[in-house]
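Colleague: for reference, the sequence and a predicted model appear below.
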Amino acid sequence: MENRLHVGTRKGLFELARSNGVWEITDVRFLGDPVSAVLADAEGSVWAALDLGHFGAKLWRRDRAGTWREMAVPVFPPKPEDSGDDPHPWSLGKIWVLEPGGAPGRLWAGTMPGGLFRSDDGGASWSLNEALWHMPERRQWAGVAGGEQPGINSVLIDPRDPSDIRIGVSTAGVWASTDAGGSWRLINRGMYAEYMPPKQRDNPIVQDVHRLARCAAYPEIVWCQHHNGVFRSEDAGATWREVTAIRPSKFGFAVAAHPTDPDTAWFIPAIKDERRIPVDGKVVVARTRDGGRSFDVLTRGLPQHHAYDLVWRHGLGVDESGERLAFGSTSGGLWMSEDGGDSWTMPEARLPPVAAVRFAPM
Amino acid sequence: MPTVSFTSALQRFLPAPSAEVKGATVGAALAEVFASRPALRGYVLDDQGALRRHVAVYVNGQAVRDRVRLTDPVGPRDEIYVFQALSGG
């Protein structure tokens, strides 16, 4: 099978294929429409979540034969009369992340305003995870970036046991279920939030987990790009140690974990919330190969003069080999690496702002 | 019977032909359209059945008052028009 990359942007979905060592755009869909999440699954389907400005969130699937069909979207149940003080809407804002569930036909969708949904029939229908939605603590979940809605940005399924799940929430820390979503616990310890009042600094539920990434071969190893730092867990998200060696800065959104090497991960640091631009106008990738003790700042092939590209949570991806990476930026930059990040090339394209990149499984 | 028409901006995503319906309220009229075209519902209404924030519905050129429960009355010769609320330039 060819190497393929799917890139969800503010103005459509782009498919790239690699032939003769060159990445080229081979298909464009939903041109003009915002794509909020993308997934290419092991069964050969491609999923694109749209965030239509006027008409709501939509979900499309391309089957193995190449036919696109509109699928069901997650729908929240009727809001009970006695839930008037719920600060979050009971209506789908957007699908923020899609992940395969580790069983045939199963998918998880993390959404704004913070609902986690599951499909067991390949996206024909969805059900809200009521256990998580009805936890009283959910009303403490905070909106993203000043918005009203919290969002589930990461869904990590243990490859050894699909009932073992971690989710990352902006802004509500890391939650775990070991019974396929039947019950949930807020588990993260060791993160701190420097933007909160001192007494709230260490409270697990106020931690702004921008993105989680898990080593597939060692699922207990989880990396987090947090609002004010990089953290690493060696017990599947329960306890976290800050990775202070990250450079050139500790703010960022995206993280990718090497699929087989538990000590390798990639980040794309930026100047933090006040400005949200790369440090010194240089786009760089920070890579650790020793569990976070040290970092290489990778620049070869990346713009180093007046570059103001920001990379969102789902804008960085790695393939199953751990050698091939891609990231896309808010300025429409798209860079590819075939050597673990040592060097980068840019396909011939000026894309719309990139929300998500995803390699198709081989 | 009242008629329901949809903006051409919606036709880009799925078929949404005009329809004559029986309903006596905006909600009942729309429900009749959605009964035969269920995929259309989620483009116009949110999960709780209210009008989407950026969707507008006019009856004979006037914006409906009740965007949540859609109780505005409609008469037999009324024209209901569903379109996108413009926001920004």
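Modeller: Ah, there it is.

Colleague: with adjacent residues omitted, what lies nearest to residue A:107?
Modeller: Among residues not flanking residue A:107 along the chain, residue A:119 sits closest, at 4.6 Å (C-beta to C-beta, 6 or more residues apart in numbering or on different chains). Where you see a C-beta, it was placed from the backbone N, CA and C, and this is true even at glycine.

Colleague: the one you found: what's it in contact with?
Modeller: A:72, A:105, A:106, A:107, A:109, A:125, A:126, A:127 (C-beta atoms under 8 Å, 6 or more residues apart in numbering or on different chains).

Colleague: what about residue B:45, how many neighbours?
Modeller: Counted with other C-beta atoms under 10 Å in any protein chain shown, the neighbours of residue B:45 add up to 20.

Colleague: so it bridges to which residues?
Modeller: Taking DSSP bridges as the rule, residue B:45 bridges to residue B:51.

Colleague: hang on, it packs against residue B:38?
Modeller: No. In this structure, residue B:45 is not within contact of residue B:38 by C-beta atoms under 8 Å, at 11.5 Å.

Colleague: how about the lengthiest helix in chain B as CSV, C-alpha atoms only?
Modeller: Once chain B is assigned using DSSP state H, the helix that runs over the most residues is helix B:26-36. Output of helix B:26-36 as CSV, limited to C-alpha atoms (Å, rounded to 0.1, in the frame of the first residue of the first chain):
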residue,chain,number,x,y,z
VAL,B,26,-42.9,26.6,12.5
GLY,B,27,-41.8,23.6,14.5
ALA,B,28,-44.6,21.4,13.2
ALA,B,29,-44.0,22.5,9.6
LEU,B,30,-40.3,21.8,9.8
ALA,B,31,-40.9,18.5,11.5
GLU,B,32,-43.0,17.4,8.6
VAL,B,33,-40.2,18.2,6.2
PHE,B,34,-37.6,16.4,8.4
ALA,B,35,-39.9,13.3,8.6
SER,B,36,-39.3,12.8,4.9
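
Colleague: what's the distance between the residue nearest the centre of chain A and residue A:67?
Modeller: By C-alpha atoms, centre = their mean, chain A has its centre lying nearest to residue A:314, at 3.8 Å. Residue A:314 sits 25 Å away from residue A:67, going by C-beta to C-beta, to the nearest Å.

Colleague: for residue 72, grab the count of nearby residues.
Modeller: The chain I'm using is chain A. Quick note: residue A:72 (other C-beta under 10 Å) scores 15 neighbours.

Colleague: sorry, I should have been clearer: chain B.
Modeller: Neighbours of residue B:72 under the rule other C-beta under 10 Å: 19.

Colleague: likewise for residue A:93?
Modeller: With other C-beta under 10 Å as criterion, residue A:93 counts 24.

Colleague: in the lowest-mean-pLDDT helix or strand in chain B, what counts as buried?
Modeller: Lowest by mean pLDDT, DSSP states H and E among the helices and strands of chain B is helix B:8-11, with a mean of 90. Going by neighbour count (16 or more other C-beta atoms under 10 Å in any protein chain shown), the buried part of helix B:8-11 is residue B:10.

Colleague: is it up against chain A anywhere?
Modeller: Yes. Judged by C-beta under 8 Å from any C-beta of the partner chain, helix B:8-11 and chain A are in contact via B:9, B:10.

Colleague: which residues of chain A score low on pLDDT?
Modeller: Within chain A, the stretches with pLDDT under 70 are A:1-2, A:145-147, A:272-274.

Colleague: near chain B, which residues of it are found?
Modeller: With C-beta under 8 Å from any C-beta as the criterion, chain A meets chain B at residues A:52-56, A:58, A:70, A:73, A:75-76, A:78-79, A:89-92.

Colleague: just give me the neighbour total for residue A:135.
Modeller: By other C-beta under 10 Å, neighbour count at residue A:135 equals 16.

Colleague: chain neighbours aside, what residue packs nearest to it?
Modeller: Leaving aside its sequence neighbours, residue A:135 sits nearest to residue A:184 (C-beta to C-beta, 6+ apart; 6.2 Å).

Colleague: now for the one you found: which residues touch it?
Modeller: Going by C-beta under 8 Å, 6+ apart, the list of residues near residue A:184 reads A:131, A:132, A:135, A:175, A:176, A:177.

Colleague: can you flag which of these belong to strands?
Modeller: Among these, the residues falling in strands (DSSP state E) are A:175, A:176, A:177.

Colleague: contact partners for residue A:291?
Modeller: A:232, A:262, A:263.

Colleague: and what of residue A:129?
Modeller: By C-beta under 8 Å, 6+ apart, the residues touching residue A:129 are A:115, A:116, A:117, A:118, A:181.

Colleague: also residue B:68?
Modeller: By C-beta under 8 Å, 6+ apart, the contact set of residue B:68 is B:48, B:50, B:51.

Colleague: try residue A:270
Modeller: The neighbours of residue A:270, taking C-beta under 8 Å, 6+ apart as the test, are A:249, A:251, A:252, A:253, A:276, A:277, A:278, A:279, A:310, A:311.

Colleague: so which of the contacts of residue A:119 sit within helices?
Modeller: Using DSSP H, none of the contacts of residue A:119 sit in helices.

Colleague: neighbour-wise, which one of these leads?
Modeller: Using other C-beta under 10 Å as the neighbour criterion, residue A:109 leads those with 29 neighbours.

Colleague: go ahead and confirm it touches residue A:71.
Modeller: No. Between residue A:109 and residue A:71 no contact is recorded; they are 10.7 Å apart, counting by C-beta under 8 Å.

Colleague: overlap in contacts of the two?
Modeller: In contact with both residue A:109 and residue A:71: residue A:59, using C-beta under 8 Å, 6+ apart.

Colleague: compute the number of surrounding residues for residue A:305.
Modeller: Neighbours of residue A:305 under the rule other C-beta under 10 Å: 7.

Colleague: quick check: the closest residue to it other than its chain neighbours vs residue B:67, distance?
Modeller: In space, residue A:305 comes closest to residue A:281 once its chain neighbours are excluded; the distance is 6.5 Å by C-beta to C-beta, 6+ apart. Going from residue A:281 to residue B:67 by C-beta to C-beta gives 46 Å.

Colleague: just to revisit the earlier point, weed out the non-buried ones from the contacts of residue B:68.
Modeller: Burial by neighbour count, judged by 16+ other C-beta under 10 Å, picks out B:50, B:51 from the contacts of residue B:68.

Colleague: between the contacts of residue B:68, which is nearest chain A?
Modeller: Closest approach between those and chain A, by C-beta to the nearest C-beta: residue B:48, at 5.7 Å.

Colleague: list the contacts of that closest one.
Modeller: Residue B:48 sits next to A:76, A:78, A:79, A:90, A:91, B:68 when contact means C-beta under 8 Å, 6+ apart.
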